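1. can't give you the sequence, but here's the structure:
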């Protein structure tokens, strides 16, 4: 007589696993559950942040290359608060405005008195660094979960197996029926660790690659903006 095969989820009674788990195993499972929930929440928030940054950066670049006046670009940039490129431009433009006002109020070459283009370059660099820091905020947590969760789950499994073997030794009955269930329950911690780690490592690599693209775009934009400023303000 052929019996229908049970699926892994049907064969696994999570409630029974939790009931038979030791205090250490429960602590490990609770820690992994918290890490998984926090990871998914962070993944959702970071995905929204990067999506908005990308959409607004596309709008800003389109405005920047089509506009003929920096003042008009600046007005548009003030409405694009989620775009790193917009914030970098605003920092450079505001520094350029201060230098221009100082040049009009003082005698002598602006580049000699105030550092000129170097001040604008420093402002762009500071803004780029600040934006990268903002984009990278909390991303290392995903890397930590991805690296540590499997080992935390393995620790719970080892503790569970040791506890199971101690109980089998005390009972003096070591057949397959008595060994399989507790050892199988102990492996649940390893599965929980992998469940927390796999989404975290995928999201970490994805976000790092996206942030690297933003970093390159800000560097390229800063170079283009400096060239425009040199041609029109520091001739």
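-> Received it, and whenever you're ready, just let me know what you need. Predicted model, so just to flag it, every value in this text is computed and none were measured.
2. Only C-alpha atoms from now on, for both contacts and neighbour counts.
-> Noted.
3. Grab the most central residue of the chain for me.
-> residue 139 (2.8 Å; Cα atoms, centre = their mean).
4. shouldn't residue 77 be in contact with residue 87?
-> Yes: counting by Cα atoms under 8 Å, residue 77 does reach residue 87; the two are 7.3 Å apart.
5. can you pull the contacts of residue 230?
-> By Cα atoms under 8 Å, 6 or more residues apart in numbering, the contact list for residue 230 reads residue 117.
6. Please compute how far the biggest helix by length in the chain lies from its chain's middle.
-> Using DSSP state H to define each element, the chain has its longest helix at helix 176-233. Relative to the centre of its chain, helix 176-233 is centred 6 Å away, using Cα atoms, centre = their mean, to the nearest Å.
7. Which residue ranges of the chain form helices?
-> With DSSP H as the criterion, the chain has helices spanning 8-11, 14-20, 23-66, 70-77, 84-105, 110-114, 117-136, 139-171, 176-233.
8. can the ones you listed go into JSON lines with extra columns for mean pLDDT?
-> Output for the helices of the chain, formatted as JSON lines (pLDDT from 0 to 100):
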{"stretch": "helix 8-11", "mean pLDDT": "47"}
{"stretch": "helix 14-20", "mean pLDDT": "69"}
{"stretch": "helix 23-66", "mean pLDDT": "93"}
{"stretch": "helix 70-77", "mean pLDDT": "91"}
{"stretch": "helix 84-105", "mean pLDDT": "84"}
{"stretch": "helix 110-114", "mean pLDDT": "46"}
{"stretch": "helix 117-136", "mean pLDDT": "92"}
{"stretch": "helix 139-171", "mean pLDDT": "87"}
{"stretch": "helix 176-233", "mean pLDDT": "87"}
